[in-house]
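Novice: A predicted structure for the sequence below; I have some questions about it.
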Amino acid sequence: MATIAVIGTGYVGLTTGACFAHLGHDVICADIDEEKIARLKEGQIPIVEDGLDRVVAEALSAGKIRFVVGATNASEHAEFHYLCVPTPQGSDGRADLRFLEAAAAEIGPSLPANSVVVNKSTVPVGSTEVVAKHLDRPDVRVVSNPEFLREGTAVQDFLHPDRVVIGSSDQEAAIRVAALYSKVRAPIMVTDPVSAETIKYASNAFLATKLSFVNAIATLCEHVGADVNDVTLGMGYDTRIGKEFLKPGPGWGGSCFPKDVAALARIADDYDYDFALLREVLNVNEAQFQRTAQKVIDALGPDPSSKKVAAWGLTFKAGTDDLRESPAIEVLQRVSGSGAQVVAFDPAIPSEIPQLPLVTVESDPLVAAKNADVLVVLTEWPEFKFVDFDQLADQMRGRTVVDGRNLLDRSTLKRRNFEVIGIGR
Ligand SMILES: NC(=O)c1ccc[n+]([C@@H]2O[C@H](COP(=O)([O-])OP(=O)(O)OC[C@H]3O[C@@H](n4cnc5c(N)ncnc54)[C@H](O)[C@@H]3O)[C@@H](O)[C@H]2O)c1
């Protein structure tokens, strides 16, 4: 078993550290956020992620995981150093590598000889070289090992991945990193660093393309009178297409897809390839935010400023508290821009959020719906399906539901005289 330092204890780093500890390795997780580390030392999990609390608690009590402030305090003791720091979108669309470069420069001098630095952050092609340059340690190999976990099922995805991708120009280093996953039953693919980096961006861009495609089909369904649920079901039976990622919605978002699609489009620009398809994927998504918001505004009728909207869902998907680039925020910014009062509920968000200064947040879906003219569903939290719809009808002033996820049962709502406006049906 190996000693692994994890630099950056966020959604990816904490999952990576806890899961490697679960697999039997000795893990030291580092972050610059002192409060986060203090909470983790107490066994408190700073994010909503199914099963993560259990894996961390188990690793803490087995003495398999430690939490420290400052990357060097972790790295000076480890054989492998996983970089899991943010790579946000820069102002020009490119990935901003400042955190990655700073972390590499910080740990470089204190790395034990012949250790391996592994980049798990999502980075543009050539970043393995950039990390090596900032480490300034010719004896240390840098390997790319992109992460494909999904928030909401991160622990499951890490321990049971579809594949593990390792990009290295040094075969021995690749074999050492592959050995860390010896207890994981998944295909391990070893390639060169540039291909590994491209696999990650291409995968996210493909998934985003699938979602924009299905949202465009949903719009077409509205025009021709087809039901997108049936259309996607019929498409998904074709194994070449598959059933996954065929659900229409209010637009896609999250901390990864928007920045990764923009970064891939930028990489194409940098190499003089006009990746027009990707630009259109982004345009369709922007239009989907607007279309969803417009459905709510239209449902309010004249003088939206005298009306109230209840919004169910703020996070970018169910099962997480992550609000980064959430489609719900995109839609609600536009709805509050119409002058309507907006009151929201989300099971993972206890109070008001800075991204929506005009939106009140309640701790109960029915309280949020009180006197609302329109209800809009923006995140696919399963509990929304089990709200007491008789009480909902009593609470609301109006009878319109804009179901941005096609989540709620239409006949249940129609029996209570609700008009249901879905996506693509
Ligand atoms: N969130 C996802 O679902 C997901 C999935 C796959 C890949 N990724 C990629 O993984 C990377 C991390 O994403 P995330 O969502 O975990 O980010 P995050 O913001 O949740 O966590 C990053 C952590 O790094 C810490 N940090 C920054 N600089 C540091 C330093 N010098 N030393 C120690 N800690 C430092 C921050 O304080 C933060 O806690 C990104 O490149 C992202 O694109 C994310």
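Specialist: Cool, the structure landed.
Novice: from now on I want contacts and neighbour counts done on CA atoms only, so please keep to that.
Specialist: Fine.
Novice: enumerate the residues of the stretch 201-350 of the chain near the ligand.
Specialist: 255-256 (Cα under 6 Å from any ligand atom).
Novice: would you map the helices across the stretch 201-350 of the chain?
Specialist: Ranges of helices in the stretch 201-350 of the chain, per DSSP state H, counting those that start in this stretch, are 228-236, 257-270, 276-300, 327-337.
Novice: and V6, that one's in a helix?
Specialist: No: V6 is assigned strand when assessed by DSSP: H, G, I helix; E, B strand; the rest coil, not a helix.
Novice: and it, how close does it get to E76?
Specialist: To E76, V6 is 12 Å away according to Cα to Cα, to the nearest Å.
Novice: how about A340?
Specialist: In terms of Cα to Cα, A340 sits 55 Å off from E76.
Novice: same thing with G422?
Specialist: Distance from G422 to E76, by Cα to Cα: 55 Å.
Novice: ok, the two, which is more surrounded?
Specialist: G422 (25 against 17; other Cα atoms under 10 Å).
Novice: now do the contacts for that one.
Specialist: By Cα atoms under 8 Å, 6 or more residues apart in numbering, the contact set of G422 is 402-406.
Novice: leaving out chain neighbours, which residue sits closest to the residue in the stretch 301-425 of the chain positioned nearest to the ligand?
Specialist: The ligand sits closest to D322 of the stretch 301-425 of the chain, with a gap of 8.5 Å, by Cα to the nearest ligand atom. Spatially, and ignoring its direct neighbours in sequence, D322 is nearest to T315 (5.6 Å; Cα to Cα, 6 or more residues apart in numbering).
Novice: surely that neighbour meets V331?
Specialist: No: T315 is not in contact with V331 according to Cα atoms under 8 Å; the separation is 12.0 Å.
Novice: any idea where the strands of the protein begin and end?
Specialist: Assigned by DSSP state E, the strands in the chain fall at 3-7, 26-31, 65-69, 80-83, 116-119, 141-144, 164-167, 188-191, 308-312, 341-345, 359-362, 374-377, 400-403, 419-421.
Novice: of all the helices of the stretch 201-350 of the chain, which one comes closest to A372?
Specialist: For these, proximity to A372 was assessed by Cα to Cα; helix 276-300 is nearest, at 9.9 Å.
Novice: number of residues surrounding the residue lying closest to E151 once chain neighbours are set aside?
Specialist: Among residues not flanking E151 along the chain, T320 sits closest, at 6.2 Å (Cα to Cα, 6+ apart). By the criterion of other Cα under 10 Å, T320 has 22 neighbours.
Novice: all set now, cheers.
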